[in-house]
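In: Got a predicted model here, sequence first, then my questions.
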Amino acid sequence: GESAGAASVHLHTLASHAHKLFHKAIMQSGSANMEWVFQRNPARRVRRFCELLGCKSRDTRVMLNFLQSHDKVTPLNVLKNILPVLSPDERRRGLPFTFHPVVEDSSSTDTFINTPVLELLQRKDTRPMPMLMGYNSAEGVLMLINAVRKIEEINNDLARFVPRNIPLATDHAEIQFLAQKLRDFYFNGHKITYDQLDCMTNLLTDYHFMVDLQLAVKYQAKYKTRSPLYFYRYDYTGGRDLFKRHLQLEDIPGACHGDELNYLFQTPGINPMKFAERDRRNIKNLILMWTASSRLCKPSPAESNITK
């Protein structure tokens, strides 16, 4: 899986049913512990959603019946009220995803994940499952257009990128200290300008993807010692980088979120008979590594000349 698909794959590998259904996994640009994967306080979100649609009850059965059958719960009304469910701070600091997986009640007969993901990642493994995990070097290009629109707002509020797992109020002095550290590290202590979009891309990549993925890899290597792990960083840019081309951000160095997919799968709008030679080599290498991971549990088969 890729992105949310990768996070979904990772969740399946951590679920109690994993050994019955899967024996290997490939995760591209996503892991189950990423900040945008699980809901914070899902009960509050559902209550707020029902309120916005017209149900004031706090009884869960009443809310369920309302959401399943009331004539106000139309596709248009649902779409219109999804984002207002999020608090101002959630919209400010996270990706605008409202409803996603939750940690379920362990007493339920059909739970998927009933333990916090960080706890699952730190459990000693009982069954081996080889994994290929990685990220693209410029994942944040995908979020850059929105960041450019808000560049002055971000300049005045870099604290929004302090990770939310630091349990301090957003106006706390320590948070502001960390925000200045971010400015020093990514922007050399300067105000963010339109000439620093590559630096902004690095910040977005780290905040939304790489930091959490690195933590998942660290725990995987430490606690899942029976499961071979291969970790990659994808940095190729070429003629099939459709996301960067669509966003008109081809001058930003690095591989955008999702752009490796166009070298693994045929994509509508690209002539399958025309490839630049370097693109052809990248396609061949990627397909070799991905299929070797699926067949042989390692992405660099002995007979290949791929550099490790």
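Out: Yes, it's here.
In: Now tell me what touches stretch 12-30 from outside.
Out: With contact meaning Cβ atoms under 8 Å, 6 or more residues apart in numbering, stretch 12-30 is reached by 1-10, 32, 37, 112-113, 117, 120-121, 127, 129-136, 139, 209, 213, 257-258, 260-261, 290, 293-294, 297. C-beta: built from backbone N, CA, C; applies to glycine.
In: hang on, A7 in a helix?
Out: Yes - A7 sits within a helix when classified using DSSP: H, G, I helix; E, B strand; the rest coil.
In: Retrieve the pLDDT associated with it.
Out: pLDDT, A7: 96.
In: Near it, how many other residues are there?
Out: 26 (other Cβ atoms under 10 Å).
In: For the closest residue to it other than its chain neighbours, give me phi and psi.
Out: Nearest residue to A7 in three dimensions, chain neighbours excluded: G30, at 4.1 Å (Cβ to Cβ, 6 or more residues apart in numbering). Dihedral pair for G30: phi -170, psi 150, per degrees, to the nearest 10.
In: just the helices in the stretch 151-300 of the chain please.
Out: 151-155, 173-187, 197-205, 211-223, 242-247, 261-264, 277-296 (DSSP state H, counting those that start in this stretch).
In: I'd like the ones you listed as CSV, with distance to R92 appended.
Out: Below are the helices of the stretch 151-300 of the chain laid out as CSV (distance: least, Cβ to Cβ, whole Å):
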stretch, distance to R92
helix 151-155, 9
helix 173-187, 13
helix 197-205, 14
helix 211-223, 18
helix 242-247, 23
helix 261-264, 30
helix 277-296, 37
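In: looking at those helices, which is buried most?
Out: Between the helices of the stretch 151-300 of the chain, helix 197-205 has the highest mean count of neighbours, a mean of 21, where neighbours are mean count of other Cβ atoms under 10 Å.
In: how far is that one from where the chain is centred?
Out: Relative to the chain's own centre, helix 197-205 is displaced by 16 Å; criterion: Cα atoms, centre = their mean, to the nearest Å.
In: what mean pLDDT does that helix have?
Out: Helix 197-205 shows an average pLDDT of 96 in the prediction.
In: what do you get for stretch 156-168?
Out: Mean predicted confidence for stretch 156-168 is 87.
In: Offset the numbering so it begins at 34, please.
Out: New numbering, starting at 34: the last item is stretch 189-201.
In: Same question for that stretch: list its buried residues.
Out: Within stretch 189-201, the residues scored as buried using 16 or more other Cβ atoms under 10 Å are 191-195.
In: Centre of the chain to that stretch, how far?
Out: Using Cα atoms, centre = their mean, the mean C-alpha position of stretch 189-201 is found 18 Å from that of the whole chain.
In: circling back to that earlier point, of the contacts of stretch 45-63, select the buried ones using a ChimeraX command.
Out: The ChimeraX command for the buried members of the contacts of stretch 45-63 (criterion: 16+ other Cβ under 10 Å) is given here:
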select :34,35,36,39,40,41,42,43,65,70,146,150,153,154,162,163,164,165,166,167,168,169,172,242,246,290,291,293,294,323,326,330
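In: Could you list the low-confidence segments of the stretch 184-333 of the chain?
Out: Residues of the stretch 184-333 of the chain meeting the criterion pLDDT under 70: 305.
In: now do the stretch 34-183 of the chain
Out: Scanning the stretch 34-183 of the chain for pLDDT under 70 picks out 159.
In: Show me where it has its strands.
Out: 58-61, 164-169 (DSSP state E, counting those that start in this stretch).
In: Make JSON lines out of those strands and add distance to P117.
Out: Output for these, formatted as JSON lines (distance: least, Cβ to Cβ, whole Å):
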{"stretch": "strand 58-61", "distance to P117": "32"}
{"stretch": "strand 164-169", "distance to P117": "32"}
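In: between those strands, which one is nearest to T238?
Out: Of all those, strand 164-169 sits nearest to T238, with 7.7 Å by Cβ to Cβ.
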